[in-house]
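Peer 1: Sequence and predicted structure below; questions after.
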Amino acid sequence: MTRHRNLLVALLATATLLGAACSKSSSLTPSSPKPGGDSNNTIPPSGVIGQPTATGSGGTLPTTSPGIATGSFNSGAAQVTVSGGVTASLDLPTMSSGVFSPPPGGMALVWNDNSGEALGLGGQSFTGSAKTTTTLVLTFGVMSTGASGFEQFTSSKGECTVTIDTAEAGNVAGSFQCSGVMGSNGTAADASGTFEASA
């Protein structure tokens, strides 16, 4: 049972950190210049070559849309089918962690069941399809039917394609398809599944 708790903690930590990092990086707005040489002054000292220039329409710096809400989800479910070196069929009825900010925000989503099997998705939010990367990570942990017992799989190198069909502050839903994801016990597996979460 300790392995299951460790996986859940790892999934929550990974998803939370990725979601927080992505949501912070997407919500930055430029600071205003401050007179008097304040250390936060955005005006470079005189004589600096390559003064900053404004971009975007009308000569203003682009920012994210004001009022984008971050949704905190408390219900949802996911289904995962694993084949290849490990065989499992997961029904994950519990949303154990769910934070989502519509694109271009961040997400940290974790579903699990009472045996410790889980699915986690974290990174920058989007709509459509995207391959996993270091900024879009999909993780799942299963009790396998093989000799390896419990195994954790993490995709951050393009082994999985994640599709998000619905991406709103109060609702997110999608699916994924993975091929050749390496597990913590050295087993490669394929996986597919669906997920949904709501406030």
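Peer 2: In hand now; what should we look at? Because the structure is a prediction, the values reported are computed rather than measured. Numbers count the residues shown, from 1 in each chain.
Peer 1: got the buried residues for stretch 158-175?
Peer 2: By neighbour count on 16 or more other C-beta atoms under 10 Å, the buried set for stretch 158-175 is Glu159, Cys160, Thr161, Val162, Ile164, Ala167, Ala169, Asn171, Val172, Ala173, Gly174, Ser175. All C-beta atoms are positioned from the backbone trio N, CA, C, and that covers glycine.
Peer 1: what about that stretch, start to end distance?
Peer 2: Stretch 158-175 has an end-to-end distance of 15 Å (criterion: C-alpha to C-alpha, to the nearest Å).
Peer 1: Ok, stretch 137-152 next?
Peer 2: Termini of stretch 137-152 sit 13 Å apart (C-alpha to C-alpha).
Peer 1: so Ala199 touches Gly76, yeah?
Peer 2: No - under the criterion of C-beta atoms under 8 Å, Ala199 makes no contact with Gly76, lying 9.7 Å away.
Peer 1: quick revisit: spatially, which two of the buried residues of stretch 158-175 are the most separated?
Peer 2: Glu159 and Ala169 (29.4 Å; C-beta to C-beta).
Peer 1: Helices of this structure, start to end?
Peer 2: Ranges of helices in the chain, per DSSP state H, are 2-26.
Peer 1: among the helices and strands of it, which has the poorest mean pLDDT?
Peer 2: helix 2-26 (a mean of 44; mean pLDDT, DSSP states H and E).
Peer 1: is it true that Phe140 touches Glu151?
Peer 2: No - using C-beta under 8 Å, Phe140 is not in contact with Glu151, being 9.3 Å away.
Peer 1: Compare the two (neighbour count), which wins?
Peer 2: Remark: of Phe140 and Glu151, Phe140 carries more neighbours, 31 against 24, as counted by other C-beta atoms under 10 Å.
Peer 1: Excluding chain neighbours, give the residue nearest to that one in space.
Peer 2: Leu119 (4.7 Å; C-beta to C-beta, 6 or more residues apart in numbering).
Peer 1: Could you list the low-pLDDT ranges of this protein?
Peer 2: The chain contains residues with pLDDT under 70 at 1-71, 145-148.
Peer 1: Mind doing that once more with 80?
Peer 2: 1-71, 144-149 (pLDDT under 80).
Peer 1: any chance you could map the strands in it?
Peer 2: 71-72, 75-84, 88-92, 94-100, 106-112, 118-124, 128-131, 136-143, 150-155, 160-168, 171-182, 188-198 (DSSP state E).
Peer 1: Partner strands of the longest one and their direction?
Peer 2: Here the strand partners of strand 171-182, with direction, are listed using DSSP bridges: strand 160-168 (antiparallel), strand 188-198 (antiparallel).
Peer 1: Now do the first one against strand 118-124, angle only.
Peer 2: Computed by axes from the mean of the first three to the mean of the last three C-alpha atoms, to 10 degrees, the angle separating strand 160-168 from strand 118-124 equals 70 degrees.
Peer 1: same thing with the last one?
Peer 2: Per the same axes, to 10 degrees, the angle that strand 188-198 makes with strand 118-124 is 70 degrees.
Peer 1: mind checking how far the closest residue to Gly98 other than its chain neighbours is from Ala167?
Peer 2: Excluding its sequence neighbours, the residue lying closest to Gly98 (C-beta to C-beta, 6+ apart) is Phe73, at 2.9 Å. Distance, Phe73 to Ala167, by C-beta to C-beta, to the nearest Å: 12 Å.
Peer 1: Right, I'll call it a day here.
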